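Peer 1: what shape does this take:
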Amino acid sequence: MGHPHLDVRRAVRAELADLPDGATVLVACSGGADSLSLAAATAWVAARSGGALRAGSVCVDHGLQPGSAARARSTAVLLCGLGLDPVVTVHVDAVRGPDGPEGNARAARYAALTATAVRVDAAAVLLGHTLDDQAETVLLGLARGSGSRSLSGMAVRTGVFRRPLLGLRRSVVRAALPPGLTPWEDPHNEDAAYARARVRHRVLPVLEAELGPGVAEALARTADLARADADALDAQAGAFLAGGASHSAKVDHGEMGLPAPREPGFLHDQQARGDALVVAELAALPRAVRWRVLRRAAIAAGSPPTDLTAAHVAAVDTLVTGWRGQAGIDLPGGLRAVRRDGEVRFASAR
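Peer 2: Numbering: from 1, shown residues only. The predicted model follows:
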């Protein structure tokens, strides 16, 4: 296996190399093996930075399991023992919300991590996701059939969040855990009621057994490629919506297969005409770009992005590609997409 602790430390050092001297980073740590290994490696790197890096940690107590508050406190003690400072424990309400226990917990966790980063002026929050987590995310996205963005998995960097271990196998990360540190094993990770647990313990092992080793690495590469594709398509959609002269110097519309930019730009003459998109211009777009344009326009008009599905976008697309004089398309958020006077418009359904 080589030297796991060196691999993890190298990954952390490389991910933090662009931070200015004196920067503070926070490790999000649940007390599990992956995040605890990341915390130990980050503490090691900071201690040898000559004061150029200050490393702390955040423990989020979701309150979903008995003893969670005590566990968060004991994890904080471990993190202090590693030399991390500050170590912050945050309790969140993961019960309320529209996305079920997993979704609500995730939203509450990221909100708490973001708020803590702002409060201590942290330049980055480090997350302990590994290559195995990435492979699981790709498989879950594939099962949902949600397109290239869903298959792109997790980015190494998203805003303040960074994932230094995304290129390392979980086995390597756990092997790097220093002796004497006992991680907490989240029972949810073993609970077959959760889709990710089933993928982790049933699906991926079968794929590796039947197809040979390297499946997880191949899925992670797929995520990288899908993300590059999705970023390019999103850029084309953004260029179309921006329109006008502001993008003509940056974007070769002919190269991208886009219609020539129009004046005055995004949802032209928006105040006078409402949220309108020209059908002829939409029809000239590649479908992958057009669907992104329609989705963005619907969200800009007020449709909640978490509720707006691919099926909704496909239905709106029929107003462009399958027009037979049909009625409007009802969308989440009390919105309706209609075709009128050669335009697709998004307006209140009321």
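Peer 1: okay, buried residues for the longest helix belonging to the chain please.
Peer 2: As assigned by DSSP state H, the longest helix anywhere in the chain is helix 215-242. Neighbour-count burial for helix 215-242, counted by 16 or more other C-beta atoms under 10 Å, picks out 215-216, 219-220, 222-224, 226-227, 229-230, 233-234, 236-241. Just so you know, the C-beta spots here come from the backbone N, C-alpha and C atoms, and that holds for glycine as well.
Peer 1: so where is the stretch 101-250 of the chain shaky, pLDDT-wise?
Peer 2: Under the criterion pLDDT under 70, the flagged ranges of the stretch 101-250 of the chain are 101, 244-250.
Peer 1: which residue ranges form the strands in this protein?
Peer 2: 23-28, 53-61, 87-91, 124-126, 157-158, 161-162, 275-278, 329-331, 335-340, 343-348 (DSSP state E).
Peer 1: compare those and say which comes out lowest on pLDDT.
Peer 2: Note on those: lowest mean pLDDT is at strand 275-278, with a mean of 86.
Peer 1: helices or strands next to that one in the packing?
Peer 2: helix 287-300, strand 343-348 (3 or more C-beta pairs under 8 Å, 6 or more residues apart in numbering; DSSP states H and E).
Peer 1: direction included, what does the shortest one pair up with?
Peer 2: Translated: strand 343-348. strand 275-278 (antiparallel), strand 335-340 (antiparallel) (DSSP bridges).
Peer 1: ok so, going back, nearest to E210 among the strands of the chain would be which one?
Peer 2: strand 157-158 (33.2 Å; C-beta to C-beta).
Peer 1: need the contact partners of that closest one.
Peer 2: R163 (C-beta atoms under 8 Å, 6 or more residues apart in numbering).
Peer 1: quote the end-to-end distance of stretch 318-325.
Peer 2: End-to-end distance of stretch 318-325 (C-alpha to C-alpha, to the nearest Å): 10 Å.
Peer 1: please point out which parts of that stretch sit buried.
Peer 2: Within stretch 318-325, the residues scored as buried using 16+ other C-beta under 10 Å are L319, V320.
Peer 1: who's in contact with it?
Peer 2: V279, L282, A283, R290, L294, Q326, G328, I329, A337, V338, R339, V344.
Peer 1: care to break the protein down by domain?
Peer 2: What the TED database lists as the domains of the chain is 4-232, 277-348.
Peer 1: for the last one, what is the distance to the chain centroid?
Peer 2: Here domain 277-348 is found 24 Å from its chain centre; the criterion is C-alpha atoms, centre = their mean, to the nearest Å.
Peer 1: how about the longest one?
Peer 2: Its chain's average C-alpha position is 12 Å from that of domain 4-232, according to C-alpha atoms, centre = their mean.
Peer 1: measure that domain end to end?
Peer 2: Termini of domain 4-232 sit 35 Å apart (C-alpha to C-alpha).
Peer 1: okay, now the closest residue to A46 other than its chain neighbours: neighbour count?
Peer 2: Spatial nearest neighbour of A46, chain neighbours left out: A55 (3.7 Å); criterion: C-beta to C-beta, 6 or more residues apart in numbering. A55 has 28 neighbours, counted by other C-beta atoms under 10 Å.
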